[in-house]
Every structure is written in structure tokens, then in C-alpha cells.
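Novice: Requesting a structural model of the entry that follows:
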Amino acid sequence: MRTKPEHIGSFPGPHDVTRTVFANGLTVLVRENHAAPVAVLEGYLPVGALHDPVDKIGLSHYVAQMLTRGSANYNFDTFNEAIESIGANLNVASETHTLAVGVNSLSEDFPRMVEILADMLRRPMFPIEHMERVRQQKLVSIQERDQDTQRTANLRFYETTYPNHPYGRSIAGYKETVSAITHADLVDFYHEHYTPKGAILVLVGDVQTAAVLDLLEQHLGDWQGPAPHQSVPPAHTRPQVNRVTVPMPGKVQSDIVIGCPAPPRPHPDYFAVRVANTILGVFGMMGRLGERVREEQGLAYYCYSSHDAERDAGVWLAEAGVNPTDVPQAVDSILAEFDRLGSESVSEEELADSQAYMTGVLPLALETNAGVAARLLDMEWYGLGLDYLQRYKGLIERISVVDVQRVAQTYLRADNYTLVVAGPPTTES
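Specialist: The predicted structure follows:
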């Protein structure tokens, strides 16, 4: 039965999302939308960079890249031909906690795409003839990353904030660790960590719920795998100030990343920090940071803030690209805005504007099947409940001026931050 028209225009929720858990531990969410003859699948497998051995960092990323190089029923050429011939897309990406998969196709071609996806996930071959080619591509990408001031500053920030911790390591790996990975490492990692248990697939679009559940049961229902392991070591560190300079000769811009430990996704302060961060460096022309550091003082090419919240830890950070001669003044200005958010109450108008922005962009994010699928996937992964989107507006609007000041005082501390500057050595600037 097709979803009623009034539900198509409303936020997805318990009224029009079907949630099913297969016997093998795979969770499936389906939301029908017959407005166009297309279907989208987004999913997570509970395997990622946190499972990398310390001497083989980048292994999960390597395995993910090799998935599309050949499976039991498709070699590299036939895999790509099958997808391209119907104008579909299949994407795979390794993240810290997860392997992300995505499929986009016409609804009439969706059964074929599910069959290809299942073969890739269940029966990858890791062809040796492609292994070195992928390794070289990875090494070139790592070399490009290490020559990019913004990406280098970002990586060193996480390495310094989370020393000897999965959250502080590069997902793609490093030259030394990627060079050490063997074919046996790829195969062993797959068998030890790839599993339907704890995996999530979300389907949105022109599908019939019963039929698509039968389709997934046919191709994935008898897949078995080990129990997932998602625990990470504690990321707590004693309060301290870390200042790191990464000299990169020949560069003409310096990139700054400065931030503090902040609450993880499940923490009660999560929404207060999100609202405070919108005021600090998101709303309008990148919030207060964009207005002060970039527009008024002319110290940055860009300047904004973000709250990166994982399951077990988080950071609240600001990033800026500046002329090397302006680094000290830009850093002082960013820290001053950190301090102002905690020492002075924001106005009711400024708070209301940011809350209206945060609630106003949600409908825009849900205009496409892909946007709906992404939201449903995160809702299931973090255990937010199918009614989360209905509750979201209230969760944002309940944050008060006092809450904003409190979380700024709690987390944006002058005695507990990491500063990384990557750019030309001082003698070059």
C-alpha cells in the first residue's frame, strides 16, 4: 500500500517508517515515497577505523576501497559496467565507527543493485592484481593530504587532542602503516569484523515495503558474522593547553584549528552545545567568528566553528585560514570569542535567530530521499527513536540563554584547548 499523501510532506516518523530487525541482527528501516521512480539506500556496518591495529592504521579504509574491486559474481569491469549501464551509483566509505554504504538508482533497477551490494558485502575477493594499484592511490592521496595546510592542521589537531587513541588517528592511514599492509591483512580483517549484526540499512523512495523487505531477506537474511565490537578506550585527558606548529615550507597560507574537549552525541549537553556553536560560528556569515575575525578585523579568508560529536567523545573547534603574518592576532581573536560566549549572556534575539535557523534548515534537508535516508540512518545508529524529528524543534527551542553561557563556560576553557597552526615557517612569512 502506498503512503498517504499527507505523510509524504511531513517529517518521517513512526507513522510512515517501518522498522524491522532480521534474525541475523540486521536492522532495516523503510519509508515509501512514490513522488518519483527512484530509490535510495544508505547504511552502516559496525566496522571502521577504530578496529585498525596500531601498526596497520588505514587497514579498514584499504578494505573498504577493495570491496568494489571484485566479488564472487563480479570482477572489477563487470561490477562497474553493471552499475553504469543503468545509471546507478554505489558508494562505500570507511569511517571511525562504521563502513558507510550508499545506493541510488531507478526503482525498477533497485533489485539488481541490492544483488550487487549483497555480493560485494558478503563475497569480496580482494583481487591481488588490484591491491598494489589501490595502495599506490592511497599513498598518493596521503602525500596530497600531507601537503595541504588545512588537512594537515585538522589531522594534527585530532592527533594531539586524542593521543594514542582511535579518534586521533587518520582513517586513511599513514605512509608507513599503509605500506605495511598485506593481502592476508585485508582478508583477515574482513572475516574478523564484517558482520550483519548491528548493521543498519535505510531504504527511501519508490518501493513497496513488503517487497523490499523480502528482497533484502533473500540477499542478506542468511548472512552471518561475528558480534560487533564498538567500545573505545576512554578519551579523557587532564586539562592542559597544547600549542602545535607544523612548518610547511613553500606554502602561502596558514591554517588554524583550535578547540576543546566537548560532549559526545549521547550527552545531555549535546543540544546546548549545538545551539551555542551555531551562535559562535555557523549562523549567517559563520556566526560571531565570521563576523568578527573575517568581516570586521579582516584577519581570515574563512573562519567558522563546529561541534564534532562521536559516540564516546567530542570536540568543539574553530578553523580559520589566514595570512601567516596574521596568525597571532587571529588566534587571540578566536580565543576572545570563546571567552565572550561564556562571560557575557547572548541576547534573546541572537538566540532566537540561531534556533530558528537550526529548525528551519531541517525541512530543507528532508526534501530529498537521500536527505531522509541520512537522517533516519543517524537516528537509528544513535538510538534516537523514530519520533526524533517530531521532537527536534522542542529540543532546540528549550535551550536558554543560561544554557548557552553555561556550556561555553564548561567546555570553551582557556586552560584546556589544543591549537594547531600549519603553514610556512616563520622565516618565510
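
Novice: Residue 39 - nearest residue in space that isn't next to it in sequence?
Specialist: With sequence-adjacent residues excluded and distances taken as CB to CB, 6 or more residues apart in numbering, residue 39 is closest to residue 205, at 3.7 Å. Any C-beta I mention is one placed from the backbone N, CA and C, and that applies to glycine too.

Novice: and that neighbour, what does it touch?
Specialist: 32, 33, 36, 38, 39, 40, 107, 110, 369 (CB atoms under 8 Å, 6 or more residues apart in numbering).

Novice: So what's the residue count around the third one?
Specialist: I take that to be residue 36. Residue 36: 12 surrounding residues under other CB atoms under 10 Å.

Novice: follow-up on the earlier one: filter the contacts of residue 205 to the buried ones?
Specialist: Buried members of these, counted by 16 or more other CB atoms under 10 Å: 32, 33, 38, 39, 40, 107, 110, 369.

Novice: Next one: the most centrally placed residue in the chain relative to residue 154, how far apart?
Specialist: Taking CA atoms, centre = their mean as the criterion, residue 95 is the residue nearest the geometric centre of the chain, at 7.0 Å. To residue 154, residue 95 is 15 Å away according to CB to CB, to the nearest Å.

Novice: Export the contacts of residue 205 to TSV and append columns for pLDDT, secondary structure and distance to residue 182.
Specialist: What follows is the contacts of residue 205, written out as TSV (pLDDT from 0 to 100; DSSP: H, G, I helix; E, B strand; the rest coil; distance: CB to CB, whole Å):
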residue	pLDDT	secondary structure	distance to residue 182
32	98	strand	45
33	97	coil	45
36	97	coil	46
38	98	strand	41
39	98	strand	38
40	98	strand	36
107	97	helix	42
110	98	helix	37
369	97	helix	40
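
Novice: Counting by contacts, list what the host helix or strand of residue 78 packs against.
Specialist: Assigned by DSSP states H and E, residue 78 belongs to helix 76-84. For helix 76-84, the packing partners by 3 or more CB pairs under 8 Å, 6 or more residues apart in numbering; DSSP states H and E come out as strand 70-71, helix 110-122.

Novice: Against which helices or strands is whichever helix or strand comes after it packed?
Specialist: Counting by DSSP H and E, the next helix or strand C-terminal to helix 76-84 is strand 89-94. Contacts defined by 3+ CB pairs under 8 Å, 6+ apart place strand 89-94 against helix 59-67, strand 99-106, helix 110-122.

Novice: Which of those sits closest to residue 253?
Specialist: Ranking the helices and strands packed on strand 89-94 by proximity to residue 253 (CB to CB) places helix 59-67 first, at 27.5 Å.

Novice: Now the closest one: average pLDDT?
Specialist: Average pLDDT, helix 59-67: 98.

Novice: what does stretch 285-305 give?
Specialist: Over the span of stretch 285-305, the pLDDT mean works out to 96.

Novice: Name the residues of it that are buried.
Specialist: So stretch 285-305, judged by 16+ other CB under 10 Å, has buried residues 286-294, 299-300, 303-305.

Novice: ranges for the strands of the protein?
Specialist: Applying DSSP state E to the chain gives strands spanning 18-21, 27-32, 38-45, 70-71, 74-75, 89-94, 99-106, 200-205, 241-247, 254-262, 302-309, 314-322, 417-423.

Novice: okay if I get these as JSON lines plus distance to residue 142?
Specialist: Converted to JSON lines, the strands of the chain look like this (distance: least, CB to CB, whole Å):
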{"stretch": "strand 18-21", "distance to residue 142": "39"}
{"stretch": "strand 27-32", "distance to residue 142": "34"}
{"stretch": "strand 38-45", "distance to residue 142": "24"}
{"stretch": "strand 70-71", "distance to residue 142": "24"}
{"stretch": "strand 74-75", "distance to residue 142": "27"}
{"stretch": "strand 89-94", "distance to residue 142": "14"}
{"stretch": "strand 99-106", "distance to residue 142": "20"}
{"stretch": "strand 200-205", "distance to residue 142": "30"}
{"stretch": "strand 241-247", "distance to residue 142": "15"}
{"stretch": "strand 254-262", "distance to residue 142": "18"}
{"stretch": "strand 302-309", "distance to residue 142": "21"}
{"stretch": "strand 314-322", "distance to residue 142": "21"}
{"stretch": "strand 417-423", "distance to residue 142": "16"}
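
Novice: Touching, residue 50 and residue 230? I think so.
Specialist: Yes: contact criterion CB atoms under 8 Å: residue 50 and residue 230 qualify, at 7.5 Å.

Novice: Looking at these two, which has the bigger crowd around it?
Specialist: residue 50 (24 against 14).

Novice: Can you get me a residue count around the residue lying closest to that one once chain neighbours are set aside?
Specialist: Once flanking residues are discounted, residue 50 sits nearest to residue 166: 4.0 Å by CB to CB, 6+ apart. Neighbour count of residue 166, defined by other CB under 10 Å: 22.

Novice: Can you verify my assumption that residue 276 contacts residue 342?
Specialist: No: the pair residue 276 / residue 342 is not scored as a contact, 9.1 Å apart, by CB under 8 Å.

Novice: show me what contacts residue 46?
Specialist: By CB under 8 Å, 6+ apart, residue 46 lies in contact with 97, 98, 195, 197, 198, 199, 228, 230.

Novice: farthest pair in those residues?
Specialist: 97 and 197 (14.4 Å).

Novice: So the two - more neighbours on which side?
Specialist: Taking other CB under 10 Å, residue 97 and residue 197 do not tie; residue 97 has more neighbours (22 against 17).

Novice: Might you report the residue contacts of the closest residue to that one other than its chain neighbours?
Specialist: Nearest residue to residue 97 in three dimensions, chain neighbours excluded: residue 48, at 4.8 Å (CB to CB, 6+ apart). Shown in contact with residue 48 (CB under 8 Å, 6+ apart): 60, 94, 95, 96, 97, 98, 99, 171.

Novice: so the last one touches residue 97, yeah?
Specialist: When you say that, I think you mean residue 171. No: here residue 171 lies out of contact with residue 97, judged by CB under 8 Å, at a distance of 10.5 Å.

Novice: Which neighbours do residue 276 and residue 342 have in common?
Specialist: Counting by CB under 8 Å, 6+ apart, the residues touching both residue 276 and residue 342 are residue 408.

Novice: of the two, who's got more company?
Specialist: Taking other CB under 10 Å, residue 276 and residue 342 do not tie; residue 276 has more neighbours (29 against 19).
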